[in-house]
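Engineer: Provided below are the primary sequence and the corresponding predicted coordinates.
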There are 2 protein chains.
Amino acid sequence: MNYPRALQNLINKLAHLPGVGPKTAERYAFYLLRKNENELEELANSITNLKKEEKICHQCLALAESDPCDICADPNRTSDILCIVENIQDLIAIEQTGQYKGKYFVLGGLISMIDKIGPQDLNISALNLKIKNDKIKEIIIALNFTLEGETTSLYLQKLFKNKIKISRLAKGLPAGSDLEYADSNTLKSALQYRSEIK
Amino acid sequence: MNYPRALQNLINKLAHLPGVGPKTAERYAFYLLRKNENELEELANSITNLKKEEKICHQCLALAESDPCDICADPNRTSDILCIVENIQDLIAIEQTGQYKGKYFVLGGLISMIDKIGPQDLNISALNLKIKNDKIKEIIIALNFTLEGETTSLYLQKLFKNKIKISRLAKGLPAGSDLEYADSNTLKSALQYRSEIK
C-alpha cells in the first residue's frame, strides 16, 4: 500500500529539493493537499514561469528582470568601482546593506578542487573585458571566506595585481558575536585588521 | 533591490511550506532555477494534479486513488476488525508493517483543546454508522501517544465501552532504544505491559 499516485508523485519530486528527505517531502505534500485548487495553480504557475521570465544582465551577468538590470542602468551609481560577487544571492545581501553605490559583477561560482571548477568555468574573461571597457579603477572582492572563496580571491588578486586597486571585505568578528566562541582564524584577522578609535 | 519578480514570487510561495523560512525558500528556488523547463513543468503539473486526482474512499474515509480504496475493496481482509487511525500517513505506517489484515477507519484528526477541535469535528458519526453496519467486533485504537491522541482515545473508549471489544497499540520502549534515556512514562508502561517469556 502506498499513497495515492498523484500524492506519491509529488512527494517523490519534492524529495529532490536540497536537504529534503521523504519525510519532509511528505509534510510539504500534505500541507499542499489542504490548499484549494486555485492556490495550487498559483504555486504551479510560479514554478513554470521561473525560467520563462528569467533574464541575464549582460553588464554584470546577474539574474535580472531586464537587461541591463536596474543597477547597471542606474546613472547615479559610480561606474568605476566593481564589486565582485559569487552569485545573485550575495549581490542582494550586499545591496541590502545600502552601503555600496558602485556596480557589481557576478562571477558565477568559485574555484573548487573538489567540484573540479577552475577559472575557465567562471566569468573571468567577461570580467577582464568589463574592467578594460568600463575603465574600472577599483575592484572589491566580496567572496565567501571559505577555502573556495579564498582560492578564487587569490586567483583574482594575482590576475589584477599592479593593474588596478584591489580590496577585500573585512574579515573579523561578526556583530553580536561572543569573543570566547570565535575561531582563532577569525580572531587573528580581527586583531590584524583592528580599527583605530579616534 | 530584490530578486527578479518571478524568482521572488516563487520564494514567497515556498516560504509558506511548513517549517520553511525565507532562507530555505531561497535555497529551494535557486535549486529549481538550475532545472530545465521540462523538469519545472513536471513539478508544476504534479502540484496541479494533486487535488484533481484526489478521491476519498467512502468506506474508510482515507485519501485514495479509487472509491472504495484497495483495502476496503479487498475481500481477503478481515472486515469485522477496524483499526482507527488519525490520518492516511498513520494508516500507511501501519500498513507497511504487514502485520494487520483488517480494515481501517480514518478519524480525520484528534480532539484538541488548544486547536479547538472537538469530537464533532472528527468523523465520529461515520465511525458509529460503520461499526453498526459492518458488524464490527473489535476496534484497535491506533492514535498517537500524545495529549491529543490520549484524549481522543479516552473519548472513543467511553463511547464504545461494553459495546464492542476495544484494544490499543502497546505503549513501551521503541526498538533500538536505550533504557537509560527512556522517559518515566514510557518505562512505566513498558513495565505494566511486560510480556511473559515462555
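Structural biologist: Thanks, I have it. Residues are numbered from 1 along each chain as shown, chains lettered A, B, ... in the order given.

Engineer: going forward, measure contacts and count neighbours with C-alpha atoms only.
Structural biologist: Noted.

Engineer: Which stretches in chain A count as helices?
Structural biologist: In order along the chain, chain A carries the following helices (DSSP state H): A:5-14, A:22-33, A:37-52, A:70-73, A:88-95, A:124-133, A:147-160, A:184-192.

Engineer: Check the gap between residue A:147 and residue A:154 for me.
Structural biologist: Distance of residue A:147 to residue A:154, computed by C-alpha to C-alpha, to the nearest Å: 11 Å.

Engineer: Skipping its backbone neighbours, what lies nearest the residue in chain A that chain B sits nearest to in space?
Structural biologist: Distances between chain A and chain B by C-alpha to the nearest C-alpha are smallest at residue A:44, namely 4.1 Å. The shortest distance from residue A:44 to any residue other than its chain neighbours is 4.1 Å, reached at residue B:44 (C-alpha to C-alpha, 6 or more residues apart in numbering or on different chains).

Engineer: Neighbours of that neighbour, how many?
Structural biologist: Other residues within reach of residue B:44, judged by other C-alpha atoms under 10 Å in any protein chain shown, total 22.

Engineer: Repeat that for residue A:85.
Structural biologist: Around residue A:85 there are 26 other residues, counting by other C-alpha under 10 Å.

Engineer: What's the local residue count around the closest residue to residue A:171 other than its chain neighbours?
Structural biologist: In space, not counting the residues next to it along the chain, residue A:171 is nearest to residue A:189; the distance is 5.9 Å by C-alpha to C-alpha, 6+ apart. Residue crowding around residue A:189 was assessed by other C-alpha under 10 Å; the count is 14.

Engineer: And residue A:189, how far from residue A:156?
Structural biologist: Taking C-alpha to C-alpha as the measure, residue A:189 falls 20 Å from residue A:156.

Engineer: Residue A:190 now?
Structural biologist: When distances are taken as C-alpha to C-alpha, residue A:190 and residue A:156 turn out to be 23 Å apart.

Engineer: Provide a list of residues in contact with the residue nearest to the spatial centre of chain A.
Structural biologist: Relative to the mean C-alpha position of chain A, the nearest C-alpha, by C-alpha atoms, centre = their mean, is the one of residue A:87, at 2.9 Å. Taking C-alpha atoms under 8 Å, 6 or more residues apart in numbering or on different chains as the criterion, residue A:87 is in contact with A:62, A:106-109.

Engineer: In those, which residue is surrounded by the most others?
Structural biologist: Neighbour counts for the contacts of residue A:87 were taken using other C-alpha under 10 Å; the highest belongs to residue A:62, which has 26 neighbours.

Engineer: got the contact list for it?
Structural biologist: The neighbourhood of residue A:62, defined by C-alpha under 8 Å, 6+ apart, consists of A:56, A:69, A:87-88, A:105-106.

Engineer: Pull the most distant pair out of these.
Structural biologist: With C-alpha to C-alpha as the measure, no two of those lie farther apart than A:69 and A:87, at 14.5 Å.

Engineer: Do I have it right that residue A:112 meets residue A:118?
Structural biologist: Yes: with contact defined as C-alpha atoms under 8 Å, residue A:112 and residue A:118 form a contacting pair (6.6 Å).

Engineer: Residue A:15: how many residues sit nearby?
Structural biologist: Number of residues near residue A:15 (other C-alpha under 10 Å) recorded here: 17.

Engineer: Identify the residues contacting it.
Structural biologist: Residues in contact with residue A:15, defined by C-alpha under 8 Å, 6+ apart, are A:21-22, A:24-25.

Engineer: Most neighbours among those residues, which one is it?
Structural biologist: Among the contacts of residue A:15, the one with the most neighbours (other C-alpha under 10 Å) is residue A:25, at 20 neighbours.

Engineer: Would you mind listing what in chain A touches chain B?
Structural biologist: Residues of chain A lying close to chain B (C-alpha under 8 Å from any C-alpha of the partner chain) are A:1-7, A:9-10, A:13, A:17-18, A:27-28, A:31-33, A:36-37, A:40-41, A:43-51, A:53-54, A:63-65, A:88, A:92, A:95-96.

Engineer: give me that answer again for 7 Å
Structural biologist: Proximity of chain A to chain B is confined to A:1-2, A:4-7, A:9-10, A:13, A:17-18, A:28, A:31, A:33, A:37, A:40-41, A:43-51, A:53, A:64-65, A:92, A:95 under the rule C-alpha under 7 Å from any C-alpha of the partner chain.

Engineer: dump the residue contacts of the residue nearest to residue A:44.
Structural biologist: Contacts here follow C-alpha atoms under 7 Å, 6 or more residues apart in numbering or on different chains; on that basis residue B:44 touches A:44-45, A:47-48.

Engineer: pLDDT wise, what is it at?
Structural biologist: What the model reports for residue B:44 is a pLDDT of 93.

Engineer: repeat for the one 3 residues further on
Structural biologist: As summarised for this prediction, residue B:47 has a pLDDT of 92.

Engineer: how close does it sit to chain A?
Structural biologist: 6 Å (C-alpha to the nearest C-alpha, to the nearest Å).

Engineer: Touching, that residue and residue A:42? I think so.
Structural biologist: No: contact between residue B:47 and residue A:42 fails when scored by C-alpha atoms under 7 Å: they sit 9.8 Å apart.
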